[in-house]
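**Q** Make a model of this:
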Amino acid sequence: MTALNFMAKFSGPVERREKRRSIRAKGDRFKVGGSIQLYTGMRTKACRKLVANDPVCTAVEPITIRQDSVCINGRYLNVPERQALAIADGFEGILPFCDFFLDGSHVFNGFLIVWDWPE
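**A** Numbering: from 1, shown residues only. Modelled structure (predicted):
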């Protein structure tokens with residue numbers, strides 16, 4: 001089992017099962033088929049688990065984010081795909097998404113972690 005911690009602004013969509021992915025700098029601890037525990041406020045007194053039943057990791061893919069491109073597992077996304085990714089990840093669009101991940105740098109390399117709940 002692997003835990004993911006979410007900022008408060010992302011916790012609502014995770015709890016409602018609207019957000020089913022996360023982009024992280026390190027993804028080697030996530031394994032397809034493994035359980036993921038979803039939290040907010042880890043390492044604080046406000047720590048709480050966001051969903052009772054743990055989802056299962058369905059994908060772990062390398063992602064590179066630049067101001068003008070997003071590449072997942074070697075495939076560059078077109079503009080509508082980049083916009084859809086940003087919205088699915090909890091952002092209002094591609095610009096706030098890039099601002100968050102780039103934060104003054106020119107490139108972000110990490111992993112797209114995707115999960116779902118077994119039927």
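**Q** which residue is nearest the middle of the chain?
**A** The geometric centre of the chain, computed from its C-alpha atoms, lies nearest to Ser22 (Cα atoms, centre = their mean), at 0.8 Å.
**Q** what residues are up against it?
**A** For Ser22, the contact set (Cβ atoms under 8 Å, 6 or more residues apart in numbering) comprises 4, 6, 89, 112-113. C-beta coordinates here come from the backbone N, C-alpha and C atoms, glycine included.
**Q** Does it lie in a helix or a strand, and which?
**A** When secondary structure is defined using DSSP states H and E, the element that contains Ser22 is strand 21-24.
**Q** Please pull up the helix or strand immediately following that strand.
**A** From strand 21-24 onward toward the C-terminus, using DSSP H and E, the following helix or strand is strand 36-40.
**Q** Just the buried residues of that next one, please?
**A** Burial within strand 36-40, assessed by neighbour count using 16 or more other Cβ atoms under 10 Å, is assigned to 36, 38-40.
**Q** before we move on, back to that, farthest-apart pair in the contacts of Ser22, please.
**A** Within these, two members stand farthest from each other by Cβ to Cβ: Phe6 and Leu112, at 15.2 Å.
**Q** still on that earlier bit, any chance of the buried residues of strand 36-40 in a markdown table with distance to Ala59 and pLDDT as columns?
**A** Putting these into a markdown table (distance: Cβ to Cβ, whole Å; pLDDT from 0 to 100) gives the following:
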| residue | distance to Ala59 | pLDDT |
| --- | --- | --- |
| Ile36 | 12 | 97 |
| Leu38 | 16 | 97 |
| Tyr39 | 21 | 97 |
| Thr40 | 23 | 97 |
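**Q** the helices in this structure, which residues?
**A** Listed in chain order, the helices of the chain (DSSP state H) span residues 8-15, 79-88, 94-102.
**Q** so can I have a markdown table of those helices showing distance to Asn53?
**A** Conversion of the helices of the chain to a markdown table gives the following (distance: least, Cβ to Cβ, whole Å):
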| stretch | distance to Asn53 |
| --- | --- |
| helix 8-15 | 12 |
| helix 79-88 | 21 |
| helix 94-102 | 29 |
